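[1] Fold the following for me, if possible:
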Amino acid sequence: GKKAYIFWFIVGFIVAGIVALVSAQMIEVTAEPDFCKSCHEMKPMYEAWKKGPHGPDYENGRGVARAKCADCHLPHTSVIAYLFNKAKFGTKDLITHFVNPSGVDWIEKWKERKHFVFISNCYRCHENLTEAPKMKPAAKMMHKMLLSGKLKGKDCLDCHFYVGHGMNFEQELKEAFGKK
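    Take a look at the predicted model:
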């Protein structure tokens with residue numbers, strides 16, 4: 001009767017709460033760079049990121065804001081978009097890892113980086129693009145032109161192609177995957 005209904009409602013509520021907490025923790029854990037590098041094919045990306053402008057080792061630890069993999073490679077426009085793309089990319093990466101890890105042309109993927117970096121994330125972190133105190137006048141002008149829409153078809157990665165993984169990333173990929 002009624003007592004059984006209340007009991008199972010409480011049990012269901014507790015189980016749902018536990019599932020929600022575990023899921024939230026897994027979402028956090030799988031967004032960390034250490035998780036991303038756990039697949040051997042991602043180690044070159046991880047090592048390059050560490051030394052790149054958003055990594056912890058940039059200029060002996062004096063780098064700019066630390067961005068983790070998911071900060072650039074997943075959309076942050078909504079929780080649904082984030083989780084959908086995290087599941088989609090994660091599933092694709094997992095299948096590739098087990099089915100055909102050597103079949104990925106990482107150099108070509110890097111050249112197509114605009115498909116793997118969400119430009120909206122650049123603006124999310126770098127909201128004051130024209131107000132940086134040490135920015136050179138030419139860079140300030142280009143940022144103003146970009147923001148005003150005068151640079152049709154251009155985005156952050158056209159000039160800042162190196163930002164996620166450093167200036168030598170293409171060469172590091174070639175060395176890591178045997179293409180000299």
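[2] Helix or strand with the lowest mean pLDDT in this protein?
    The helix or strand of the chain with the lowest confidence, counting by mean pLDDT, DSSP states H and E, is helix 106-111 at a mean of 85.
[3] What are the buried residues along it?
    106, 110 (16 or more other Cβ atoms under 10 Å). Using the backbone N, CA and C atoms, a C-beta is placed for each residue, glycine as well.
[4] what packs against it?
    helix 169-176 (3 or more Cβ pairs under 8 Å, 6 or more residues apart in numbering; DSSP states H and E).
[5] and after the least confident helix or strand of the chain, which helix or strand comes next?
    Per DSSP states H and E, the first helix or strand lying C-terminal to helix 106-111 is helix 119-125.
[6] picking up where we left off before, contacts for the least confident helix or strand of the chain?
    With contact meaning Cβ atoms under 8 Å, 6 or more residues apart in numbering, helix 106-111 is reached by 41, 44, 116, 169, 170, 173, 174, 176, 177, 179.
[7] who wins for neighbours among the residues you listed?
    Of all the contacts of helix 106-111, residue 169 has the most neighbours under the rule other Cβ atoms under 10 Å, reaching 23 neighbours.
[8] And the strands in the chain?
    Counting by DSSP state E, one finds no strands in the chain.
[9] Longest helix in it, please.
    helix 2-29 (DSSP state H).
[10] hang on, isn't residue 120 packed against residue 78?
    No - here residue 120 does not reach residue 78: they are 10.9 Å apart, not a contact under Cβ atoms under 8 Å.
[11] about what we covered before: give me the buried positions along the longest helix of the chain.
    Result for helix 2-29 [16+ other Cβ under 10 Å]: no buried residues.
[12] how distant is it from the center of its chain?
    Computed by Cα atoms, centre = their mean, to the nearest Å, the chain-centroid distance of helix 2-29 equals 30 Å.
[13] cool, and stretch 143-159?
    The answer for stretch 143-159 is 21 Å, by Cα atoms, centre = their mean.
[14] now do stretch 165-177
    Counting by Cα atoms, centre = their mean, stretch 165-177 comes out at 17 Å from the chain centroid.
[15] Now tell me what touches that stretch from outside.
    Taking Cβ under 8 Å, 6+ apart as the rule, stretch 165-177 contacts 43-45, 47-49, 51-53, 55, 106-107, 110, 162, 179-180.
[16] now, the most widely separated pair of those?
    Farthest pair in these (Cβ to Cβ) is 53 and 180. Separation: 25.8 Å.
[17] Which one of those two is surrounded by more residues?
    residue 53 (19 against 5).
[18] where does that one fall, phi/psi-wise?
    The phi/psi pair for residue 53 (degrees, to the nearest 10) reads phi -60, psi -20.
[19] just the contacts of helix 106-111 now: which is nearest residue 156?
    residue 116 (13.5 Å).
[20] give the contact list for that closest one.
    Residues near residue 116 by Cβ under 8 Å, 6+ apart: 73, 109.
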